[in-house]
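Enquirer: quick one: sequence and predicted model below, then my questions.
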Amino acid sequence: MGITLGGLNPFLWNRRRKWTKYHDANPIYKIDSPLDVTALLITATAKADGDMSSDEKHKILSMFENEFHLSKRDAAALLVSSSHLLGKGDEVRDNLKGVLAPSLDDFTAEQATSVIDMLHQISQAGASPSELQSKLIENISVILGELNKPKGKWQ
């Protein structure tokens, strides 16, 4: 009268639960492109102490055009999408390793160095870097700095 034995299958339940958790999760934890994650980190640095200033916006757009070799339209679209994904920025500040995890293996040492340089440039675009910006850049530097360490024989 309405009960199916297939609904009691623990393997089916587990598979459905994983699928639901994966698709209902915050999309910033699924970004696997170093370029997209870098754009998100740059936007997070600019918005760390509130809304970004017009100087920071112009600096970000010129970085996207020059560093990432994007057109003006694509650079603006990347800034808008990064800003939308960032939201308040709590997820990035609170769980930075989780945000970087899907794309960390794809970063090269040169890209990691470039990201840190760009973050420093953005933090100094408006005025002197705030405490929140400095702390965020420091945390990102620690995580990306591990890419520059030589790996051992079995790592």
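Expert: Looks like it arrived, so ask away. Source: prediction; values computed, not measured.
Enquirer: for residue 39, give its distance to residue 33.
Expert: From residue 39 across to residue 33, the span is 9 Å (C-beta to C-beta, to the nearest Å). C-beta here means a position set from N, CA and C on the backbone, and glycine is covered the same way.
Enquirer: between these two, tell me which one has more neighbours.
Expert: For residue 39 versus residue 33, the count of surrounding residues by other C-beta atoms under 10 Å is larger for residue 39: 26 against 11.
Enquirer: please report how far that one lies from residue 18.
Expert: 29 Å.
Enquirer: next one: residue 109
Expert: On the measure of C-beta to C-beta, residue 109 and residue 18 end up 34 Å apart.
Enquirer: so where's the protein uncertain?
Expert: The chain contains residues with pLDDT under 70 at 1-7, 148-155.
Enquirer: who touches the residue most central in space within the chain in this structure?
Expert: In the chain, the centroid-proximal residue (C-alpha atoms, centre = their mean) is residue 37; its distance is 3.6 Å. With contacts defined as C-beta atoms under 8 Å, 6 or more residues apart in numbering, residue 37 is in contact with 31, 99, 100, 103.
Enquirer: what's the nearest residue to the first one if we skip its chain neighbours?
Expert: Among residues not flanking residue 31 along the chain, residue 37 sits closest, at 5.1 Å (C-beta to C-beta, 6 or more residues apart in numbering).
Enquirer: state the next helix or strand along the chain beyond whichever helix or strand the one you found is part of.
Expert: Using DSSP states H and E, residue 37 maps to helix 34-46. Downstream of helix 34-46, the first helix or strand assigned by DSSP H and E is helix 54-67.
Enquirer: packing partners for that next one?
Expert: helix 34-46, helix 72-86, helix 109-123 (3 or more C-beta pairs under 8 Å, 6 or more residues apart in numbering; DSSP states H and E).
Enquirer: buried stuff in that helix?
Expert: Going by neighbour count (16 or more other C-beta atoms under 10 Å), the buried part of helix 54-67 is 56, 57, 59, 60, 61, 63, 64, 65, 67.
Enquirer: let's have those in JSON lines, adding distance to residue 87.
Expert: Formatted as JSON lines, those follow (distance: C-beta to C-beta, whole Å):
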{"residue": "56", "distance to residue 87": "17"}
{"residue": "57", "distance to residue 87": "17"}
{"residue": "59", "distance to residue 87": "21"}
{"residue": "60", "distance to residue 87": "17"}
{"residue": "61", "distance to residue 87": "20"}
{"residue": "63", "distance to residue 87": "21"}
{"residue": "64", "distance to residue 87": "20"}
{"residue": "65", "distance to residue 87": "25"}
{"residue": "67", "distance to residue 87": "24"}
